[in-house]
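**Q** okay, sequence plus prediction incoming.
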Amino acid sequence: MSTPIIFNHDELFGDSEPSGEPRDVPVTDLEARDSIRVRARLQHLMDSTPIIIYSSVPSGDFKLTFVSDNVTRVLGYSSGDVLADPDFWFKHMHEDDRPRIFRKLPQLFVTGEHAQEYRFLDSAGDYRWIEDRQRMILDDQGVAIEIVGSMTDITRQKRDAEHMEQARDQALGLARAKSAFLANMSHEIRTPMNGVLGMLNLLQTTTLDQEQADYVNTAYNSGDVLLTVLNDILDSAKIESGKLEIECIEYSLRQLLEDVAELFASLAQEKGLELVSIMPNKVPDMTLGDPARLRQVFSNLVSNAIKFTETGEVVVRVSLREPAGAAPSFLFEVADTGIGIGDDAQSRIFEAFEQSDGSTTRLYGGTGLGLSISKQLVGLMGGEIGVSSVAGEGSKFWFTLPVIQPLTQLGWRPSAELLGLNVLIVESNETSLDYTRLLVDSMGVTAMAARTASEAMILLGENHFDIVILEKLLADMDGLNFVRLLTERKAVPKIVMLTLLGMKGDARSSGAMAYVTKPIRRAQLHAALAEVMRIPAGVHTPLVPRYSIDKYLHTDRRVLVADDNVVNQRVAVAMLRKLGFQADTAGNGVEALQALGKTAYDLLLIDCQMPEVDGYEATRAIRAREVEGIHLPVVAMTAHTMQEDLDACLTAGMDDYLLKPISLSSLSEKLSRWLPGLESVAAD
């Protein structure tokens with residue numbers, strides 16, 4: 001039980017010297033009774049709080065006139081010891097803190113209050129951290145009469161903060177070491193992968209029989225999967241260390257969507273899946289954002305959908321949400337008819353290294369990083385991601401992204417050259433059929449649809465059609481046989497064949513005037529329809545594919561390849577010659593500078609890390625000796641993928657960078673960008 005607080009009447013009211021004997025206060029003296037209560041409360045507060053209360057004279061020497069008894073509990077000194085020595089406080093203050101405290105004391109007379117932290121020696125000989133808060137007391141004339149203050153022991157908080165800072169520094173150091181290790185690992189793996197995938201890519205362009213082509217494609221796809229795993233691990237480290245930056249540039253949303261669908265078309269085709277990419281006309285095509293990261297998220301989701309789907313379809317869809325009173329946003333969806341995800345797995349599916357089936361007997365492999373990275377990327381781009389699924393009935397992954405720029409541009413406008421045409425679409429897959437009809441409708445064409453050859457024949461007997469868009473693999477009849485039936489009719493419509501990759505030759509020999517590969521690109525379909533309408537009836541002129549990177553006409557263009565790795569030299573030179581360029585090699589920066597001094601090159605492909613003189617130093621030397629008006633395009637070939645490494649390329653004076661392993665398509669894109677005026681030769 002605590003001791004009651006008893007105040008002497010004379011002590012309270014100053015009638016006489018303290019006698020030490022308590023006196024009763026008359027009950028009628030209400031003012032005295034209230035004063036006793038207030039003093040009692042204050043005394044109780046000072047005794048129970050771990051804060052030292054003090055007062056001092058308003059001068060620069062900080063002489064204490066009062067200190068609460070808590071000084072004993074906090075620092076081990078009695079209040080008498082503290083008050084007996086005018087310099088007690090400064091004597092026990094840490095010598096490194098005294099100059100700072102003296103220097104800042106005058107601020108109290110200017111501001112009226114301030115706080116400082118310093119170390120103070122306690123009675124046990126240990127320094128404790130003190131937080132000292134002071135306030136100036138003024139009389140009614142504004143004259144300083146006293147300084148009151150409170151001192152709090154914050155040693156524990158300081159130590160906790162130091163431990164947290166040490167832990168943070170240690171964590172940052174580990175993260176930096178991890179990032180550096182992964183970056184070096186990425187470089188060391190990408191360098192030989194450049195030789196493996198590069199040579200396989202070149203081998204794909206040669207004449208192979210079906211068995212050889214299957215072997216090459218399998219090897220290339222396996223290497224590509226390995227590269228995807230490497231990229232996922234590296235991206236995870238970038239996100240963890242805060243080094244992954246999000247771009248905001250203009251890009252075509254439709255082209256990105258169609259590129260992703262085409263990237264996975266052969267994989268879906270191998271499993272017999274229908275892959276459909278749907279973007280309604282009202283969704284704006286050109287928008288702002290980070291297309292590379294959006295493509296990465298889509299690729300992860302589409303790859304997973306195909307992996308976990310054995311039969312049916314994978315549908316990629318984008319729509320526009322414009323809620324009342326809220327900013328518009330894009331809604332992206334990837335739906336499949338696969339195995340689905342159980343309720344228990346849905347709650348953890350976006351965690352790193354997690355899979356819906358984590359057992360050693362699972363049917364599907366993978367690192368479990370793709371969805372985790374996708375979630376983090378979507379978050380960095382300002383959106384949300386989620387999944388809805390029923391085990392055994394398929395899944396729908398969705399994510400949203402904000403619309404950054406005003407929606408002023410429609411994705412497509414009706415084509416004047418196709419207005420008024422009547423088209424029949426014959427496709428067995430309902431989703432694909434609906435989307436093909438949506439595309440045709442957006443071009444100003446009147447369209448009817450059929451899912452079987454039998455339905456199509458009925459419609460052809462009842463209506464006139466200018467064009468028949470026909471899928472090669474129908475449910476009740478092969479598309480080629482259906483074309484033969486059509487050619488027996490008196491009025492034969494013009495035929496555009498929808499075909500899978502690798503089946504274009506069949507489409508050409510069938511009597512179709514044009515073919516369009518699935519998944520359908522709208523621009524390709526539009527070009528096919530426009531082209532067949534220009535072809536006179538009865539003339540068989542199959543269309544050339546929509547694009548090719550097989551060869552360029554300007555064989556006089558010369559490129560220098562500077563790389564100390566002989567395999568990388570062979571890959572780059574072989575690809576350049578495949579594209580129609582002349583190419584020479586240099587083993588390091590010194591040889592590159594010597595070669596540039598002797599021969600006029602149109603472009604330099606240079607590795608960053610080389611002996612004697614690396615790519616950065618060589619590029620700086622090239623820029624230093626360039627005369628005004630002459631600029632040699634320099635493109636780095638680098639296995640480093642960290643942003644600071646890529647920035648270093650541009651800082652050194654390079655124009656662009658090409659990540660290893662390089663491919664014919666990526667190399668072709670860089671050449672087209674930095675050597676304008678190239679005219680390509682299209683090839684099947």
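**A** Arrived safely, thanks for sending.

**Q** for Glu626, give its distance to Ile52.
**A** 72 Å (Cβ to Cβ, to the nearest Å). Quick note: C-beta positions are derived from backbone N, CA and C, even for glycine.

**Q** same question for Ala527.
**A** Between Ala527 and Ile52 the distance is 85 Å, computed by Cβ to Cβ.

**Q** just the helices in the stretch 51-200 of the chain please.
**A** Assigned by DSSP state H, counting those that start in this stretch, the helices in the stretch 51-200 of the chain fall at 70-75, 79-84, 88-92, 98-104, 107-111, 155-204.

**Q** most tightly surrounded among those helices?
**A** With neighbours defined as mean count of other Cβ atoms under 10 Å, the helices of the stretch 51-200 of the chain peak in mean count at helix 70-75, which reaches a mean of 19.

**Q** show me what that helix is packed against.
**A** On a contact count with 3 or more Cβ pairs under 8 Å, 6 or more residues apart in numbering; DSSP states H and E, helix 70-75 meets strand 51-56, helix 79-84, strand 144-153.

**Q** name the element the nearest residue to Ala416 once chain neighbours are set aside belongs to?
**A** Leaving aside its chain neighbours, Ala416 sits nearest to Gly444 (7.6 Å; criterion: Cβ to Cβ, 6 or more residues apart in numbering). Element membership of Gly444, judged by DSSP states H and E, is empty: it is in no helix or strand.

**Q** next, count neighbours for Gly444.
**A** Gly444: 15 surrounding residues under other Cβ atoms under 10 Å.

**Q** likewise Lys375?
**A** Lys375 is flanked by 21 other residues according to other Cβ under 10 Å.

**Q** same check, this time on the one 5 residues further on
**A** Under the neighbour criterion other Cβ under 10 Å, Leu380 is assigned a count of 14.

**Q** once you drop chain neighbours, what's closest to it?
**A** Ile246 (5.1 Å).

**Q** same check on Phe399?
**A** Take Phe399 and drop its neighbours on the chain: the residue closest to it by Cβ to Cβ, 6+ apart is Ile385, 3.9 Å away.

**Q** measure that neighbour to Ile373 for me?
**A** Here Ile385 is placed at a distance of 11 Å from Ile373 (Cβ to Cβ).

**Q** Phe399 is in what secondary structure piece?
**A** strand 395-402.

**Q** please name the strands paired to that strand in the sheet, noting orientation.
**A** strand 329-336 (antiparallel), strand 385-389 (antiparallel) (DSSP bridges).

**Q** list the buried residues in the helix or strand following that strand.
**A** Downstream of strand 395-402, the first helix or strand assigned by DSSP H and E is strand 422-426. Across strand 422-426, burial judged by 16 or more other Cβ atoms under 10 Å covers Val423, Leu424, Ile425, Val426.

**Q** contacts for the helix or strand just after strand 422-426, please.
**A** Using DSSP H and E, the helix or strand that follows strand 422-426 in sequence is helix 430-442. Here helix 430-442 makes contact (Cβ atoms under 8 Å, 6 or more residues apart in numbering) with 274, 276-278, 280-281, 313, 315, 412, 414, 423, 425, 427, 447, 449, 451, 469, 471, 498, 518, 520, 522, 525, 529.

**Q** report the buried residues of helix 430-442.
**A** Across helix 430-442, burial judged by 16+ other Cβ under 10 Å covers Thr431, Ser432, Leu433, Tyr435, Thr436, Arg437, Leu439, Val440, Ser442.

**Q** same check, this time on stretch 286-304
**A** Per 16+ other Cβ under 10 Å, stretch 286-304 contains these buried residues: 287, 289-291, 293-304.

**Q** so of the residues you listed, which ones are in strands?
**A** Counting by DSSP state E, those place Thr287, Gly289 in strands.

**Q** so what's the residue lying closest to Asp97 once chain neighbours are set aside bridging to?
**A** Excluding the flanking residues, the one nearest Asp97 by Cβ to Cβ, 6+ apart is Tyr118, at 3.9 Å. According to DSSP bridges, Ile130 are recorded as the beta-bridge partners of Tyr118.

**Q** from Arg98, how far out is Tyr118?
**A** In terms of Cβ to Cβ, Tyr118 sits 8 Å off from Arg98.

**Q** equivalent analysis for Gly629, please.
**A** Separation of Gly629 from Arg98 (Cβ to Cβ) stands at 67 Å.

**Q** show the pLDDT at the one residue sitting closest to the centre of the chain.
**A** By Cα atoms, centre = their mean, the chain has its centre lying nearest to Leu377, at 3.5 Å. At Leu377, the model reports a pLDDT of 90.

**Q** where does it fall, secondary structure wise?
**A** Taking DSSP H and E as the definition, Leu377 sits inside helix 370-380.

**Q** just checking, what packs against that helix?
**A** In terms of contacts (3+ Cβ pairs under 8 Å, 6+ apart), helix 370-380 is packed against helix 210-240, helix 291-307, strand 385-389, strand 395-402.

**Q** I'd like these as CSV, with mean pLDDT and distance to Gln269 appended.
**A** Shown next, in CSV, are the helices and strands packed on helix 370-380 (pLDDT from 0 to 100; distance: least, Cβ to Cβ, whole Å):
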stretch, mean pLDDT, distance to Gln269
helix 210-240, 75, 12
helix 291-307, 89, 10
strand 385-389, 92, 24
strand 395-402, 94, 21
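
**Q** domain assignment for this structure?
**A** Here the domain parsing of the chain from automatic domain parsing is 49-153, 249-402, 416-534, 551-681.

**Q** nearest residue to Leu667 in space, ignoring adjacent ones along the chain?
**A** Nearest one to Leu667, counting by Cβ to Cβ, 6+ apart, is Met575 at 5.3 Å.

**Q** where does Tyr657 sit: helix, strand or coil?
**A** Of the three states, Tyr657 takes strand under DSSP: H, G, I helix; E, B strand; the rest coil.

**Q** was I right about it contacting Thr638?
**A** Yes. With contact defined as Cβ atoms under 8 Å, Tyr657 and Thr638 form a contacting pair (5.6 Å).

**Q** overlap of the contact sets of the two?
**A** Residues touching both Tyr657 and Thr638 by Cβ under 8 Å, 6+ apart: Leu646, Cys649.

**Q** returning to what we had before: distance of the residue nearest to the centre of the chain relative to Asp235?
**A** 8 Å.

**Q** worst-scoring helix or strand of the protein, pLDDT-wise?
**A** For the chain, counting by mean pLDDT, DSSP states H and E, helix 9-13 ranks last in confidence among helices and strands (a mean of 42).

**Q** pLDDT below threshold where in the stretch 301-450 of the chain?
**A** Along the stretch 301-450 of the chain, the model assigns pLDDT under 70 to residues 352-368, 406-415.
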